[in-house]
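> From the sequence below, what's the structure:
(chains A and B)
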Amino acid sequence: MTPLLLSSYTATTCLGSGLAATLAGLRDGRSGLQPCHFETVDLATWIGEVAAVDAQKLPEMLARYDCRNNRLTQLGLEADSFADQVRAAIGRYGKSRVGVFLGTSTAGILQTELAYRRRDPESGALPDDFIYRTTHNSFSLAEFTRDYFGLEGPAMAVSTACSSSAKVFAAAARQLALGTIDAAIVGGVDTLCLTTLYGFASLQLTSDQPCRPYDAARNGISVGEGAAFALLERAPASPAAGSILLLGTGESSDAYHMSSPHPEGLGAKLAMEAALRSAGLTADAIDYINLHGTSTPANDAAEGKAVVALFGDRVPCSSTKGATGHTLGAAGAVEAVICALALSHDLLPGSPNTAALDPGIPIQYLLHSRNGQVRHALSNSFGFGGSNCSLVFGVAA
Amino acid sequence: MNPTPLTAWISGIGFIAPGLPDWATARAVLLGEQPYVAAPSVLPSPAILPPAERRRASRVVKLTLGIGLEAAAHAGADVATLATVFSASGADGHNCHALCEQLATDDRQISPTRFHNSVHNAAAGYWGIATHAMAPCQVLCAFDASFGAGLLDTLGQVIVDQQPTLLIAYDSEYPEPLHAKRDTPDCAGVALLLTPERTANSLARITVSPSTAAAEQFADAALENLRTTIPAMRALPLLHKLVRGEAGPVCLDYLPPMQLMVDLQPC
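Purely as a prediction, here's the structure:
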């Protein structure tokens, strides 16, 4: 593919709001995970909760979008002056030429979960103040973002579980290649809700400790929440030194099981190969891999096999979910921004909480953050239903 | 930059809607050869799924397998090789209702199957398991604009990646109490196999461009009701023009104020 410029990017997770907090957290090997006290949830697990989400007040005109997910969307959009950069792009290109491509798994379903507790005891009806379209529906964060900026062009939500906000980069890249748009807001937003916390617990995929990706004793995920965004534009012929570029995207399907990965990591391998092919790079060119690394025994083993098959033990890699939690549909975008930080600060992020590596997965896994030149970074995101996406990012010399 | 013409060939069609159990019936009704008779959607049993999954298959799984396989068969295409784009305004509404209902009680130990069926890409996941397709699979939502969003991404894959791509646009109903908040009446969907080149089975060439024109409507009240109440059925005016063998533009609803003008050239 033709390289695209990430002209602005930002992330908000339990590590903090914006790039500075995220970078400091990664450098310090800090974990933002805490024991779960979310809402009325009664589970022995750890979560990555973003501070002050509910303190966000949406503009009066957009009050119909009010729910935890869109509050976090706004918090994320306003970090690092990202919203100002979007407005500048709209000024350059026009309001029908900036597309919106956002990933989510559950959008504002928490609003529905809460509304079900307030059903009319006689009729069973949901309360009058509950609005399905602008809160629960998977498109709500994309429609909110489109209306937040007064945009009039294409918009979509990608909802492929945990690969959602990686696949938005591929979808936006296609539209930029076709020329239907000149810039794209890409990213992902997912927030804590009962469906995912109790759901992953029902599959016995949540850990009773902070998650430990690739640790020999790993025993499950820590559900997190997050909002991460990038503004994608066509790159100039000679991008300024230090510019972050999207170089390649690769998508595949496991065609294996709804909630277990292909045990040999076959789909994961196909996605990584496709991303390298799209970037016109060989495996030798990759300096850092941000693993999907959910910290379940099966997921890390399958991904590890795919990474070994393609890269051996040559490439430093880590999962940053020990720092941020698994932000589900936002994870792809959060980790894309982490790759951008790695590329722009020569940072190889470590993996807080992981102590003793699984000896059965012979990859070069980073326990601790350190400095090292990163020119090309690969980011993996794999989701339920066997949906896989890998992205390759680079930094202009 | 000069936009690339968004051109592809329609090389296979699958269709299920209330009163229209397959593409052959829909075609006859759209041509006026037989009257539209309202009836609940009939969803085929997904024989292609392994027995355990088949027994538990939800309405959206039956719907998407039905229309996807019909379109691929129509085109003579091998489903295992096809990239897919699933686009739906919602997921499995009955499963979602059951989850929300249980999570509102003191017993929140939900079923793991209910949870993994709650993802918006559940139907797409079962499609992969059934067809063994390891090609890219996109899953989108754009509320009432979901058909248009799916069409744009499918064109992206067909033109940029030069691969035949199966668009499966579909919707299903929520039970009460959510039905009162989102009143999609029944299951319906359309599958279009779009190819980058004309094939022996191609029916028409389409070229899509943005527009602010009003979408084409049906004079027939029943068809117009289908078009407006089920998001995937926003495609109906395109199918109507196609079965009549007419060349020229037809405007479809997308995301206000943006509409999609489709120029149709029958093969």
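
> element containing residue 170, please.
Since you didn't name a chain, this refers to chain A. A:Ala170 is part of helix A:164-178 when elements are defined by DSSP states H and E.

> wait, chain B
Element membership of B:Tyr170, judged by DSSP H and E, is strand B:165-171.

> how much distance is there from stretch A:137-144 to the middle of the chain?
16 Å (CA atoms, centre = their mean, to the nearest Å).

> typo on my end, stretch A:232-244
Distance of stretch A:232-244 from its chain centroid, counting by CA atoms, centre = their mean, is 22 Å.

> do stretch B:255-267 as well
With CA atoms, centre = their mean, you get 16 Å for stretch B:255-267.

> Low-confidence bits of the chain, can you list those?
Looking at chain A here, since you left the chain open. By pLDDT under 70, chain A has no low-scoring segment.

> The chain in question should be chain B.
In chain B, residues with pLDDT under 70: B:1.

> ok, A:Ala171 - contacts?
A:Ala171 makes contacts with A:Phe101, A:Met156, A:Val158, B:Gln138, B:Leu140, B:Asp153, B:Gly156, as judged by CB atoms under 8 Å, 6 or more residues apart in numbering or on different chains. Placement of C-beta: from N, CA and C, glycine included.

> what's the following helix or strand after the helix holding A:Ala170?
Where DSSP H and E defines the elements, the next helix or strand beyond helix A:164-178 is strand A:183-190.

> could you give the angle of that following strand to helix A:164-178?
Strand A:183-190 and helix A:164-178 are oriented at 170 degrees to each other (axes from the mean of the first three to the mean of the last three CA atoms, to 10 degrees).

> ok, how many other residues are close to the residue of the stretch 251-397 of chain A found nearest chain B?
Chain B sits closest to A:Gly385 of the stretch 251-397 of chain A, with a gap of 2.7 Å, by CB to the nearest CB. A:Gly385 is flanked by 31 other residues according to other CB atoms under 10 Å in any protein chain shown.

> separation between the closest residue to it other than its chain neighbours and B:Leu155?
Once flanking residues are discounted, A:Gly385 sits nearest to B:Gly125: 2.7 Å by CB to CB, 6 or more residues apart in numbering or on different chains. Plainly put, B:Gly125 is 24 Å away from B:Leu155 if you go by CB to CB, to the nearest Å.

> So between those two, which is more surrounded?
Neighbours were counted for B:Gly125 and for B:Leu155 using other CB under 10 Å; B:Gly125 has more, 30 against 27.

> just to revisit the earlier point, list the contacts of the residue nearest to A:Gly385.
By CB under 8 Å, 6+ apart, the neighbours of B:Gly125 are A:Met258, A:Phe384, A:Gly385, A:Gly386, A:Ser387, B:Val119.

> got the residues of the stretch 151-267 of chain B near chain A?
Residues of the stretch 151-267 of chain B lying close to chain A (CB under 8 Å from any CB of the partner chain) are B:152-153, B:155-157, B:159-161, B:176-178, B:180-182, B:210, B:254-255, B:257-258.

> out of the contacts of A:Ala171, which is most surrounded?
The residue in the contacts of A:Ala171 with the most neighbours, by other CB under 10 Å, is A:Val158 (34 neighbours).

> before we move on, the earlier item: in TSV, list the contacts of A:Ala171 along with secondary structure and distance to A:Gly224.
Shown next, in TSV, are the contacts of A:Ala171 (DSSP: H, G, I helix; E, B strand; the rest coil; distance: CB to CB, whole Å):
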residue	secondary structure	distance to A:Gly224
A:Phe101	strand	22
A:Met156	strand	24
A:Val158	strand	19
B:Gln138	strand	25
B:Leu140	strand	24
B:Asp153	helix	28
B:Gly156	helix	30
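
> now, the most widely separated pair of those?
A:Val158 and B:Gly156 (12.4 Å; CB to CB).

> can you pull the contacts of residue 172?
No chain specified, so I'll use chain A. With contacts defined as CB under 8 Å, 6+ apart, A:Ala172 is in contact with A:Gly99, A:Phe101, A:Ile181, A:Ala184, A:Val186, A:Leu232.

> The chain in question should be chain B.
Contacts of B:Ser172 by CB under 8 Å, 6+ apart are B:Arg59, B:Val60, B:Leu63, B:Ala88, B:Gly90, B:Asp92, B:Gly93, B:Thr184, B:Asp186, B:Cys187.

> tell me which of those residues is nearest to chain A?
Comparing those against chain A with CB to the nearest CB places B:Gly90 closest, at 6.9 Å.

> quick one, phi/psi of A:Ser238?
A:Ser238 adopts backbone torsions of phi -120, psi 90, taken as degrees, to the nearest 10.

> partners of the strand holding B:Tyr170 in the sheet?
Strand B:165-171 has these partner strands in its sheet, going by DSSP bridges: strand B:83-88 (parallel), strand B:188-195 (antiparallel).

> list the contacts for the residue of the stretch 151-267 of chain B found nearest chain A?
The minimum distance from the stretch 151-267 of chain B to chain A, using CB to the nearest CB, falls at B:Gly156 (3.1 Å). Counting by CB under 8 Å, 6+ apart, B:Gly156 touches A:Ala171, A:Arg174, A:Gln175, A:Ala177, A:Leu178.

> who does the spatially most central residue of chain B bridge with?
Nearest residue to the geometric centre of chain B (CA atoms, centre = their mean): B:Ala169, 1.7 Å. Per DSSP bridges, the residues bridged to B:Ala169 are B:Ser87, B:Val190.

> my guess is A:Gly322 meets A:Thr354, correct?
Yes - in this structure, A:Gly322 is within contact of A:Thr354 by CB atoms under 8 Å, at 5.9 Å.

> who touches both of those two?
Residues touching both A:Gly322 and A:Thr354 (CB under 8 Å, 6+ apart) are A:Arg212, A:Pro213.

> And those two? Which one has more around it.
A:Gly322 (31 against 27).

> Quick check: buried residues in the longest helix seen in chain B?
The longest helix of chain B (DSSP state H) is helix B:59-75. Neighbour-count burial for helix B:59-75 flags B:59-72, B:74-75 (criterion: 16 or more other CB atoms under 10 Å in any protein chain shown).

> And stretch B:258-267, by the same measure?
B:Met258, B:Gln259, B:Leu260, B:Met261, B:Val262, B:Asp263, B:Leu264.
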